[in-house]
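Engineer: Okay, sequence plus prediction incoming.
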Amino acid sequence: MDTMQVVFEKLREIPGVAGCWVLPDEGRKLLLQLENESNRRTNIPGIIIENEGIKDVLRRHHIVAISHSPALRHPPGPVVVLCDEKRIIGEEVPDTTQLKKISADRNVILLGTSLVLYRDRLNEARGKQLKLAYRALRFPELEKLDGIESVVSVTVGMEAHKWLVQRTGWRLDDSNLGTVLIGFNESNTQSRPEEPTKKKPESEANA
C-alpha cells in the first residue's frame, strides 16, 4: 500500500471527515492566488489579513483537501490570530469549554462567538500595524503514521473553498461542510518551492 492510500484510509476513520482529494500541482498556484485576492477584498481598516498557513502547506510535497462537518474535532490551536509586530493580541478559541473559562478573565474581550482580545496587549498595540493571520496547525492523526513527516494543515477562505468543492463534486449548498488543506512530506523528502513545475496525475476519492 502506498503512502497516499495509507493517508486516505486514516482520514476516512476520523469522525467528521466527509471526503478527501489529492490536490494536483496545477492547483497550488491558483489556490494561493484565490486566498490572496479574497484577503485583499476583506477590508478591515488598520488590519492586514493574510493566510500564512497556506504558504506552509503549499511547500509540502503532498497536499490533500478534506471536506468536513462540525463533528471534526477541535483544531489543536487557534486558527486565526490577531497580532502586532511582536506578539499575539487576540486569537480564536473554538473550544467552548476553554472559551467560557477564558471569558471570565477581566483582561479578555470576547468578539463574536469565538475571538478573544487581550485588553493589556491591545492597549500596548495602539498605533501599530495589526495583522489578522490564519496560521498553519498540526494534524495529529497523520503525525502518527510511519513514513510521514512535517504535517501541517490550514483552513481556506470561501473562494478557495468554492473552487475545491467545484473540482471535487462535494456539496456547495451545505453550509455545515468546511474545507481544510493538509500538507505533508514523506520521510526524507525535502520541502518543495511554492510554485512547483513537476506535474503529477490528479486523483480523487470520496469518503
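Structural biologist: Here it is on my side, so go on.

Engineer: Using the record's domain definitions, break this structure down for me.
Structural biologist: Domain segmentation of the chain under automatic domain parsing yields 1-43+53-72+137-184, 80-134.

Engineer: Pick the most deeply packed of these.
Structural biologist: Highest mean neighbour count of these: domain 1-43+53-72+137-184, a mean of 17 (counted as mean count of other C-beta atoms under 10 Å). C-beta here means a position set from N, CA and C on the backbone, and glycine is covered the same way.

Engineer: just how off-centre is that domain within its chain?
Structural biologist: 8 Å (C-alpha atoms, centre = their mean, to the nearest Å).

Engineer: tell me how far the ends of stretch 174-182 are from each other?
Structural biologist: 21 Å (C-alpha to C-alpha, to the nearest Å).

Engineer: Contacts for that stretch next, please.
Structural biologist: Outside of stretch 174-182, the residues within contact range by C-beta atoms under 8 Å, 6 or more residues apart in numbering are 18, 23, 31, 54, 57, 63-70, 139, 142, 151-156, 160-161, 164-165, 170-171.

Engineer: In strands only, show me these.
Structural biologist: Ala18, Ile63, Val64, Ala65, Ile66, Ser67, His68, Val151, Val152, Ser153, Val154, Thr155 (DSSP state E).

Engineer: picking that back up, now render the domains of the chain as TSV, adding mean pLDDT.
Structural biologist: TSV is the format used below for the domains of the chain (pLDDT from 0 to 100):
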stretch	mean pLDDT
domain 1-43+53-72+137-184	92
domain 80-134	92
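
Engineer: what residues does the biggest helix by length in the chain touch?
Structural biologist: Taking DSSP state H as the criterion, the chain has its longest helix at helix 26-41. For helix 26-41, the external contacting residues (C-beta under 8 Å, 6+ apart) are 23, 49-51, 54-55, 58, 63, 156-160, 163-164, 167, 181, 194-196, 199.

Engineer: now it against strand 62-68, angle please.
Structural biologist: Counting by axes from the mean of the first three to the mean of the last three C-alpha atoms, to 10 degrees, helix 26-41 lies at 60 degrees to strand 62-68.

Engineer: Buried residues of the helix or strand following helix 26-41, list them for me.
Structural biologist: Moving toward the C-terminus from helix 26-41, the next helix or strand (DSSP states H and E) is strand 47-51. Neighbour-count burial for strand 47-51, counted by 16 or more other C-beta atoms under 10 Å, picks out Ile49, Asn51.

Engineer: For strand 47-51, what is the distance to the chain centroid?
Structural biologist: For strand 47-51, the distance to the chain centre is 14 Å (C-alpha atoms, centre = their mean).

Engineer: again, but for stretch 170-189
Structural biologist: Between the centre of stretch 170-189 and the centre of its chain there are 8 Å (C-alpha atoms, centre = their mean).

Engineer: now the residue nearest the centre of the chain, nearest residue through space, not along the chain?
Structural biologist: Residue closest to the mean C-alpha point of the chain, counted by C-alpha atoms, centre = their mean, is Val154 at 1.4 Å. Closest residue in space to Val154, ignoring its immediate chain neighbours: Gly53 at 3.3 Å, by C-beta to C-beta, 6 or more residues apart in numbering.

Engineer: Could you do Leu142 as well?
Structural biologist: In space, Leu142 is closest to Val151, 4.8 Å off (C-beta to C-beta, 6+ apart).
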